[in-house]
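# Got a sequence here, can you build the structure:
(chains A and B)
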Amino acid sequence: MRRYPTWPIHLALLLTACVMLVPFYWVFKTSITGENIFSYPPSLLPVDPQPFFYVDAWYAIPFPRFFLNSVIVAVMVIVANLFINAAAGYALTKNFAGKRWIILLFLACMMIPFHATIIPAYLITAKLGLLNSYLGLGLPAFSHIICIFIFKASFDAIPPSLIQAAKIDGVPERDIMLKIMLPLAKPAVATTIILSFIWSWNDFLWPLIIVRDVEMQTLPLGLSTFLAYFEDTTGALYAFCTMVLAPGLLVFLLAQKEFIQGLTSGARKG
Amino acid sequence: MEGWKGWLVNRVTITFGLIAIVTVGWNLYVRAHNDGILEGEVVDAGGQPVADATVILNEQTLVSLAPIAETTTNENGSFNFLKHDRHKVVLTVAKPGAGASDRILVRLYFRNQNHTLPDPIILQPRG
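Residues are numbered from 1 along each chain as shown, chains lettered A, B, ... in the order given. Next comes the predicted model:
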């Protein structure tokens, strides 16, 4: 069989990757140069780079406080998503009456945008007395249907004989999920961590609605506050954007292998 | 790797561990250098130290400079400010008969950072 050279594919992939990375590069370059985005001709390489726009952004708003708020909410959301979605995904691997309808209901609910349910969500949160609190900030993101299906696909790929052997040995259902299924579903765990982290980290509308005090604001809200305070903010604004983006990129890069495995585990089955 | 080594030596632990080390190191450095001492030297166009020049420490706002502290140079032309509590200031220097300086923008890595101006501020005669 004739083997074709792989370098054209690698070259094409490299060029595509470069094109995809241009916006990130541009944001970072502007954050260290403060160059006006409308300047013409634009410079491809940073001219006179310096880190002081990051210092400006750090002191312009209470960045550590907003960062801490975002981290607390993100951690709560990740933990809740792991437990709730894994449990729901495990339940959907079982056969029970109405399973098909529940899956259809989940799929139907995926088509409803969050904006359409935001008023009921607000009213429920208010009734629970959770407005302006960390729990209230994270509550609507405690479960994502897509993550339930990712867990379901991952659990379905585990040989049933393994579960049957555990049952014969008298392992309770809870331990089967926690000690057998979850360790074998690392890609699904990583995918859930990444998705729930990024969605929580970038969420703007929900915190905007339920947060009352400046001390409870998260980073996306801080960005709007930042824009309201200052006018000439090109460098500091992009520095702020870089600081907001960095944790999400870091989490993605750390777990990207498992993330891709998690997204394709269902596709490999069968 | 087995057991605790597997938990300790992996990319997640190493990455966040390094971030924690850098953060602690940076905070220790800040703690050791945040007395807010800003010092420098004023010279005339000939490079001679200028005594009794008025040095004003300004905060730059959107439209103007707001003075926040003022001092005078000693016989060696040196000056210093304590506890400036800013991360970006503008220095202006003037002395009747000797002239005035350009605005000197001083940007610091953190608030109250100790800093010595690398170059002397030069007074230029003004018409």
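
# next one: stretch B:90-100 to chain centre, how far?
19 Å (CA atoms, centre = their mean, to the nearest Å).

# how about that stretch, does it reach chain A?
No - shown here: stretch B:90-100 not in contact with chain A (CB under 8 Å from any CB of the partner chain), separated by at least 13.7 Å. C-betas here are computed from N, CA, C, even on glycine.

# For burial, what's the neighbour tally of B:Leu38?
Each residue near B:Leu38 was counted by other CB atoms under 10 Å in any protein chain shown, and the total is 26.

# nope, B:Gln60 is what I was after
B:Gln60 - counted by other CB under 10 Å - has 14 other residues nearby.

# can you check A:Gly98 too?
9.

# Report pLDDT for it.
Note for A:Gly98: predicted pLDDT of 91.

# How much space separates it from chain B?
Going from A:Gly98 to chain B by CB to the nearest CB, to the nearest Å gives 40 Å.

# what's that residue sitting at in phi/psi?
phi 90, psi 10 (degrees, to the nearest 10).

# do the same with B:Gly40
Per degrees, to the nearest 10, the backbone of B:Gly40 is at phi -170, psi -170.

# isn't it right next to B:Leu117, touching?
Yes - under the criterion of CB atoms under 8 Å, B:Gly40 makes contact with B:Leu117 at 3.4 Å.

# Now do the shared contacts for these two.
Residues within reach of B:Gly40 and of B:Leu117 at once, by CB atoms under 8 Å, 6 or more residues apart in numbering or on different chains, are B:Leu91.

# Tell me which residue is most central in chain B.
In chain B, the centroid-proximal residue (CA atoms, centre = their mean) is B:His115; its distance is 4.1 Å.

# show me the contacts for it.
Here B:His115 is in contact with B:Ile37, B:Leu38, B:Glu39, B:Val106, B:Leu108 (criterion: CB under 8 Å, 6+ apart).

# neighbours around whatever residue of the stretch 51-200 of chain A ends up closest to chain B, how many?
Relative to chain B, the nearest point of the stretch 51-200 of chain A is A:Phe52 (4.4 Å; CB to the nearest CB). When neighbours are counted by other CB under 10 Å, A:Phe52 registers 18.

# For the closest residue in space to it that isn't next to it in sequence, give me its contacts.
Counting by CB to CB, 6 or more residues apart in numbering or on different chains, A:Phe52 lies nearest to B:Arg107, which is 4.4 Å off, once chain neighbours are set aside. By CB under 8 Å, 6+ apart, B:Arg107 lies in contact with A:Gln50, A:Phe52, A:Val55, B:His87, B:Lys88.

# Now, the residues you listed that are in helices?
A:Phe52, A:Val55 (DSSP state H).

# how about the contacts of B:Arg107 in CSV, adding pLDDT and distance to A:Ala116?
Conversion of the contacts of B:Arg107 to CSV gives the following (pLDDT from 0 to 100; distance: CB to CB, whole Å):
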residue, pLDDT, distance to A:Ala116
A:Gln50, 90, 46
A:Phe52, 91, 44
A:Val55, 92, 42
B:His87, 90, 45
B:Lys88, 90, 45
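
# can the contacts of B:Arg107 go into a markdown table with extra columns for distance to A:Leu195?
Below are the contacts of B:Arg107 laid out as a markdown table (distance: CB to CB, whole Å):
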| residue | distance to A:Leu195 |
| --- | --- |
| A:Gln50 | 36 |
| A:Phe52 | 35 |
| A:Val55 | 33 |
| B:His87 | 37 |
| B:Lys88 | 39 |
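
# Closest to A:Phe197 out of the contacts of B:Arg107?
Set against A:Phe197, the nearest of these by CB to CB is A:Val55 (26.8 Å).

# Please look at the closest one and B:Leu108 and confirm they touch.
Yes - using CB under 8 Å, A:Val55 is in contact with B:Leu108, at 7.2 Å.

# shared neighbours of those two, anything?
B:His87, B:Lys88.

# Nothing else from me, thank you.
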